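Student: when you get a sec, could you give me coordinates for this:
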Amino acid sequence: MSRIGKQPVTIPSGVEVKVENGTVTVKGPKGELTQQVNPEMKITVADGVATVEPPNNERFFRSLHGLIRTLIANMVEGVTQGFDKSLDMVGVGYKAQMKGKTLEVAAGYSHPVHVEAPSGIDIEVPQPTRIVIKGADKQLVGQVAADIRKIRPPEPYKGKGIRYVDEHVRRKAGKAAK
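Tutor: Numbers count the residues shown, from 1 in each chain. All right, here's what the predicted structure looks like:
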């Protein structure tokens, strides 16, 4: 049995978890999330606690055990607290600004790059060189942050580009002069 899968998921007050033939729905103050799971996995919700059990001890179900428990825990955390990712822009003239629901990024190209915020995601620009992505769905927040970072990934020689706030960019030495 999975050590992570054995742990129960505590459900705080104000959060409602429903399980119906392979679909887990979590409603809370920050929204509603839905996740498809294997319908053979036994998910029980009682007394403010959700538990996940595999139907048997086959390798396939053992591998799903911890995954499904973690997905449910992330959904509960997302609808109560939410998730956020911060990006820094390093480079001369690199800046971002919001225009309605669209993020406009100037990252050294001849034109600004526009990024639409998907539904359920809030993008904030507290400083021209800092982008904060917030939302209830952990996977979607991470994907939007990765897509924005992909506009101009950090390069190893000068360190310019868009990077996560906690990301360390390994620097390389340039050409050695004779």
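Student: can you tell me how far Gly142 is from Phe83?
Tutor: The gap separating Gly142 from Phe83 is 8 Å, by C-beta to C-beta, to the nearest Å. In this view, the C-beta of every residue, glycine as well, is placed from N, C-alpha and C.
Student: now for the closest residue to Glu116 other than its chain neighbours, how many residues are close by?
Tutor: Leaving out its chain neighbours, the residue that sits closest to Glu116 by C-beta to C-beta, 6 or more residues apart in numbering is Thr102, at 5.7 Å. Thr102: 12 surrounding residues under other C-beta atoms under 10 Å.
Student: ok, Ala73 next?
Tutor: Neighbourhood size, Ala73 [other C-beta under 10 Å]: 18.
Student: so it lies in a helix, does it not?
Tutor: Yes: counting by DSSP: H, G, I helix; E, B strand; the rest coil, Ala73 is located in a helix.
Student: in this structure it contacts Val9, no?
Tutor: Yes: in this structure Ala73 lies within contact range of Val9 using C-beta atoms under 8 Å: 4.8 Å.
Student: kindly check the end-to-end length of stretch 99-109 for me.
Tutor: Terminal residues of stretch 99-109 are spaced 19 Å apart (C-alpha to C-alpha, to the nearest Å).
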